[in-house]
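[1] Sequence first, then the predicted structure:
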Amino acid sequence: MDVRYSTDPARARGFDTAQLRRHYLVEDLFVPGELRLTHSHDDRVLLGGAVPGTEPLRLEPDDTLRTDHFRERRELAAFCVDGRGAVICDGTAYELERGDLVHVGRGAREVAFASRDADNPARFHLASAPAHRRLPTTVVRSADVAPVGLGTPASANEGTIRRYIDGTPVESCQLMLGWTKPAPGSVWNTMPAHTHTRRTECYFYFGLDDEAMVVHLLGEPDETRHVIVRNEQAVISPSWSVHSGAATGAYSFIWFMAGENYRFDDMDHVAMADLR
């Protein structure tokens, strides 16, 4: 398991490109036949990717968490980015297709990921946060999550957001997760920007062409930095950081967050004129 330690705004101001990438960018999430995890000390969030082949991939305990099993004190969301597969929880298989999600509550002992076609393997994006109570495992189908419109064409930020985990379709302890997709011709996401110093948020970008990239903004609003992000890479945004970006082509992203409160609209908006 890759471990990322917390950073403060004053230290981040002095980071060069390599340091920014090492602290905040998560690369190589999807490797065929592997399950990869990154743990952040910011709100103890954890993100990862699983690409099972002919055999299921099991979510094993890790000394980073120092628990008997992974879900002993955690909840987990697995989003099917591509392909068809199943998340197997304590012997029960939850079948998922592209755009479907399963939320696994605290306490499930055995969790594994399987592909229905090893030649076209499923690709699962994983998000996890500490949990204080047990909740049932719940599947959310893409067709059941209504898209909500965002932005305008004139601002190049038109798109849709689908909120999978926000206390409505799925009850969770502190994890929130959604899928945002800019409309054709729009490039910006989450602009105007905001922070929320009570929650850490992670963006997982996917659906980009091989030559495309996202210029992701992070840092304090008056001291921004940027990270170049490629397809199927993720960015960890500390609670004090903005999280916004623009791409050179079509893309989507999964966002998830966890922290002090459970309010989707807890956002400290930043005026465009105040960005630096």
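    Yep, it's here.

[2] Look up phi and psi at residue 241.
    With angles defined as degrees, to the nearest 10, residue 241 sits at phi -100, psi 150.

[3] Quick one: residues contacting it.
    Residue 241 makes contacts with 9, 12, 195, 218-220, as judged by Cβ atoms under 8 Å, 6 or more residues apart in numbering. In short, each C-beta sits where N, CA and C put it, glycine included.

[4] of all these, which comes closest to residue 204?
    residue 218 (14.7 Å; Cβ to Cβ).

[5] For the closest one, which non-adjacent residue is closest in space?
    residue 241 (4.7 Å; Cβ to Cβ, 6 or more residues apart in numbering).

[6] For that neighbour, give me the pLDDT.
    The score at residue 241 is 96. That number is its pLDDT.

[7] oh, and call the first residue 676 from now on, that's how I've got it
    Yep, numbering from 676; the last one is residue 916 now.

[8] Just the buried subset of the contacts of residue 916, please.
    Buried by 16 or more other Cβ atoms under 10 Å: 687, 870, 893-895, out of the contacts of residue 916.

[9] Return the member of the contacts of residue 916 nearest to residue 728.
    Of all the contacts of residue 916, residue 893 has the smallest distance to residue 728: 34.2 Å, by Cβ to Cβ.

[10] What pLDDT does the model give the closest one?
    Model confidence at residue 893, given as pLDDT, is 96.

[11] and it, what element?
    Element membership for residue 893, per DSSP states H and E: strand 889-895.

[12] Tell me the strands beside that strand, with direction?
    strand 898-904 (antiparallel), strand 919-922 (antiparallel) (DSSP bridges).

[13] Tabulate the ones you listed (a markdown table), appending distance to residue 941, mean neighbour count and mean pLDDT.
    Converted to a markdown table, the strands paired with strand 889-895 look like this (distance: least, Cβ to Cβ, whole Å; neighbours: other Cβ atoms under 10 Å; pLDDT from 0 to 100):
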| stretch | distance to residue 941 | mean neighbour count | mean pLDDT |
| --- | --- | --- | --- |
| strand 898-904 | 21 | 18 | 96 |
| strand 919-922 | 17 | 22 | 96 |
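
[14] Select, out of the ones you listed, the one closest to residue 934.
    For these, proximity to residue 934 was assessed by Cβ to Cβ; strand 919-922 is nearest, at 18.4 Å.

[15] any idea of the mean pLDDT for the very next helix or strand once past that closest one?
    Of the helices and strands lying after strand 919-922 in sequence (DSSP H and E), the nearest is strand 927-934. On average, the pLDDT along strand 927-934 is 96.

[16] Which other helices and strands does strand 927-934 contact?
    Under the contact definition 3 or more Cβ pairs under 8 Å, 6 or more residues apart in numbering; DSSP states H and E, strand 927-934 sits against strand 749-757, strand 798-805, strand 851-857, strand 874-881.
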